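Just the structure for this:
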Amino acid sequence: MSNDFSEKLIIRSKKVAVEVITYIRRLPKDNVNYVISNQIIRSVLSVGANITEGQGGSSKRDFVNFLRYALKSANETIYWLQIVGLVSTVDGKQIKYLEEELIEIAKILGASISTISKDLGR
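Alright, predicted model coming up:
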């Protein structure tokens with residue numbers, strides 16, 4: 001991925017992370033939401049963090065590995081958001097938007113991993 005493309009993806013992942021955190025803060029305060037909220041926040045922050053760290057990797061293989069971690073984190077976040085969507089009464093449209101945005105990011109990551117891996121001969 002070009003640096004410009006990576007930067008745009010990092011910006012997009014930061015934006016969705018802030019939106020997820022803002023949404024999570026609106027959930028009722030109870031033990032279940034506390035546990036789920038912590039998982040969602042960890043996984044959504046990991047998406048952009050891994051993309052960013054991958055940029056500093058020493059090789060394309062390192063970069064691909066960090067993108068794989070970012071993809072796993074995006075998928076984990078989607079899972080947790082779906083759970084929240086099933087049990088929460090807080091703004092279903094917003095959670096659907098967040099899921100869709102993370103699905104798009106996951107698709108971009110998957111395509112990037114595939115493209116770079118082909119270049120590496122995997």
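
Need the phi and psi values for Asp91.
Dihedral pair for Asp91: phi 30, psi 80, per degrees, to the nearest 10.

give the contact list for it.
23, 26 (Cβ atoms under 8 Å, 6 or more residues apart in numbering). Where you see a C-beta, it was placed from the backbone N, CA and C, and this is true even at glycine.

Now do the same for it: its pLDDT.
Looking at Asp91, its pLDDT is 75.

Just give me the residue right at the centre of the protein.
Centrality entry for the chain: nearest residue to the mean C-alpha point is Ala74, 3.2 Å, by Cα atoms, centre = their mean.

Wait, Leu67 touches Ile113, no?
Yes: using Cβ atoms under 8 Å, Leu67 makes contact with Ile113 at a distance of 5.1 Å.

Which residue of those two possesses the greater neighbour count?
Leu67 (24 against 19; other Cβ atoms under 10 Å).

Can you tell me the SS state at the closest residue to Arg26 other than its chain neighbours?
Distances taken as Cβ to Cβ, 6 or more residues apart in numbering place Val90 nearest to Arg26, at 5.3 Å, with adjacent residues excluded. At Val90 the chain is in coil, as set by DSSP: H, G, I helix; E, B strand; the rest coil.
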